[in-house]
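# below are the sequence and a predicted model; questions follow.
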Amino acid sequence: MKYRFEISVSGRVQGVGYRYFVKARAWELNLKGFVSNSRNGSVLIEAEGEKDDLDVFLDYLKAGPARARVDHLEVSRAPWAGVYDDFVIRY
């Protein structure tokens, strides 16, 4: 079953390659959506795909790349909307 996850990640997640890490993991799992930096220092992610793939994605997000430190993940789950064709980094 497909879902849409809206995720906010806080910690040391800007300036450490976190967005590129997220994009690579999303591509591996065939997820669609985007990742972007927020002005408050967090990273915002919207991802759509199969529930099992999204659950694996959350595990990746908690770990992050080597230089990151993830303090908190806030996840909102919603029905799949099918609005994305790819997974991109928004600047």
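Received, thanks. Numbering: from 1, shown residues only.

# could you point out the longest helix of this structure?
Of all the elements of type helix in the chain, the one with the most residues (DSSP state H) is helix 51-63.

# buried ones in it?
Applying a neighbour-count criterion of 16 or more other CB atoms under 10 Å, one finds 53, 54, 56, 57, 60, 61 buried in helix 51-63. All C-beta spots, glycine's among them, are computed from the backbone N, C-alpha and C.

# which pLDDT value goes with the fifth one?
So the one you mean is residue 60. As predicted, residue 60 sits at a pLDDT of 98.

# ok, which stretches of the chain are helices?
Going by DSSP H, the chain shows helices at 18-28, 51-63.

# between these, which gets nearest to residue 45?
helix 18-28 (6.1 Å; CB to CB).

# what's stretch 19-30 in contact with?
32-33, 35-37, 43, 45, 47, 49, 53-54, 56-57, 60-61, 64-65, 68, 87-89 (CB atoms under 8 Å, 6 or more residues apart in numbering).

# returning to that earlier point: any chance of the helices of the chain in CSV, plus distance to residue 80?
Shown next, in CSV, are the helices of the chain (distance: least, CB to CB, whole Å):
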stretch, distance to residue 80
helix 18-28, 15
helix 51-63, 9
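
# tell me which of these sits nearest to residue 11.
So among these, helix 18-28 is nearest, using CB to CB, at 9.0 Å.

# report the buried residues of stretch 23-42.
Buried residues in stretch 23-42 (16+ other CB under 10 Å): 23, 25, 26, 29, 31, 32, 33, 34, 35, 37, 42.

# do stretch 45-52 as well
45, 46, 47, 48, 49.
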